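Asker: pasting the sequence and the predicted model now:
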Amino acid sequence: MPTIYTHSDSNKRKTWLLLSGFLVFIILAGYVFSAAMESPGILYFAVGFSVISSFVSYWWSDKIVLAMSDAKEVKFEDDKELYRLVENLCITAGLPLPRIYIINDTAPNAFATGRNPEHAVVAVTWGLLQKLERSEIEAVIAHELSHIGNRDILLATIVTVLVGVIVLLADWFRRWTFWGRHGKKSEKDGQLQLIIMIAAIVLSILAPLFAYLMQFAISRKREFLADADGALLTRYPEGLARALEKISADPEPLEVANRATAHMYIASPFEGKADGRNKKGFFKKAFMTHPPVGERVAALRGMEV
């Protein structure tokens with residue numbers, strides 16, 4: 001019988017296996033594109049540009065997302081019960097107390113952000129506080145604190161850098177081939193260059209798709225990991241299972257959410273609202289940032305504490 005501990009360890013291993021495969025793919029794709037364009041500097045520039053842009057986003061992510069979500073900070077005197085609930089969970093998890101925000105939206109949902117545990121934020125909607133029971137709210141916050149403790153914001157930034165490198169290289173290569181660049185080569189060199197060129201063209205089409213699929217797969221594994229670690233924190237997996245069912249079944253749309261921030265929430269604001277079982281086909285599931293709620297609930301209810 002699987003336990004919370006085995007679920008947590010399994011998802012950590014799967015995450016790092018996916019990330020390792022991603023890094024190998026980046027190196028191979030970069031080599032092929034650079035060889036085809038005969039310009040190693042292109043790869044270095046793509047990496048540098050992606051790192052800088054992602055670093056800026058990572059450093060300011062909490063302020064950007066909170067502004068987009070119209071979230072307001074909550075102090076102790078504003079909501080003592082919520083404040084103490086978060087504080088008690090942080091003591092149990094060994095984490096510093098994050099800033100707490102409430103989003104003025106009636107749909108139940110929540111997210112965590114911040115560049116590290118010392119600069120973290122947990123945001124919940126009014127709908128979550130109004131529609132969920134205390135044990136369910138506690139489970140949701142424990143899930144979000146697990147994202148903070150597991151450094152998922154940092155990991156997401158690293159993956160974003162890798163995706164950015166692939167997308168930039170593929171785009172530049174297609175532009176390079178469109179405008180054309182031909183030089184005189186020997187017949188042997190010409191044949192080798194033709195093989196590299198064909199491989200690079202195929203790769204430029206498939207690489208961005210593969211990169212996004214890897215990004216989504218890592219995101220889904222981190223959700224499973226946060227579920228397991230959150231349940232370990234509260235010692236009550238049923239609380240999170242019930243919370244996920246209520247959030248996914250709630251008919252109200254999350255007005256403040258958009259495609260840029262949807263992946264941060266505990267449950268996708270756009271997927272599976274009508275069907276709590278969340279049965280998805282293989283290809284549709286591959287492009288989801290969150291695992292289907294039905295799978296998450298089944299995993300939680302199949303665990304031993």
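Answerer: Perfect, thanks for sending it.

Asker: near the residue nearest to R222 when sequence neighbours are not counted, how many other residues are there?
Answerer: Nearest residue to R222, sequence neighbours excluded (C-beta to C-beta, 6 or more residues apart in numbering): D152, at 5.0 Å. For glycine as for every other residue, the C-beta is placed from the backbone atoms N, C-alpha and C. When neighbours are counted by other C-beta atoms under 10 Å, D152 registers 22.

Asker: from T15, how far off is D152?
Answerer: Per C-beta to C-beta, to the nearest Å, D152 is found 9 Å from T15.

Asker: need the overlap of contacts for the two.
Answerer: R222 (C-beta atoms under 8 Å, 6 or more residues apart in numbering).

Asker: return the per-residue confidence for the residue nearest to R222.
Answerer: Per-residue pLDDT puts D152 at 86.

Asker: again with T177
Answerer: With respect to pLDDT, T177 has a value of 70.

Asker: with adjacent residues omitted, what lies nearest to the residue nearest the centre of the chain?
Answerer: What sits nearest the mean C-alpha location of the chain, by C-alpha atoms, centre = their mean, is S219, with 3.9 Å. Among residues not flanking S219 along the chain, T289 sits closest, at 4.7 Å (C-beta to C-beta, 6+ apart).

Asker: cool, and Y83?
Answerer: F76 (4.7 Å).

Asker: and the strands in the stretch 51-200 of the chain?
Answerer: In the stretch 51-200 of the chain, the strands defined using DSSP state E, counting those that start in this stretch lie at 71-74, 99-103, 110-113, 121-125.

Asker: can you list these in TSV and add mean neighbour count?
Answerer: Below are those laid out as TSV (neighbours: other C-beta atoms under 10 Å):
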stretch	mean neighbour count
strand 71-74	17
strand 99-103	21
strand 110-113	25
strand 121-125	26
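
Asker: looking at these, which is nearest to V163?
Answerer: Nearest to V163 among the strands of the stretch 51-200 of the chain is strand 110-113 (18.8 Å), distances taken as C-beta to C-beta.

Asker: sec struct for F270, please.
Answerer: coil (DSSP: H, G, I helix; E, B strand; the rest coil).

Asker: count of residues packed around it?
Answerer: By other C-beta under 10 Å, the residues close to F270 number 16.

Asker: for it, give me its contacts.
Answerer: F270 neighbours (C-beta under 8 Å, 6+ apart): A257, R259, A262.

Asker: of those - the most surrounded one?
Answerer: Counting neighbours by other C-beta under 10 Å, the top entry in the contacts of F270 is A257, with 22 neighbours.

Asker: phi, psi for that residue please.
Answerer: The phi/psi pair for A257 (degrees, to the nearest 10) reads phi -80, psi 150.

Asker: what's the answer for the one 5 residues further on, then?
Answerer: Here is the backbone geometry of A262 (degrees, to the nearest 10): phi -60, psi -40.

Asker: wait, it touches P269, no?
Answerer: Yes - under the contact definition of C-beta atoms under 8 Å, A262 touches P269, with a separation of 5.5 Å.
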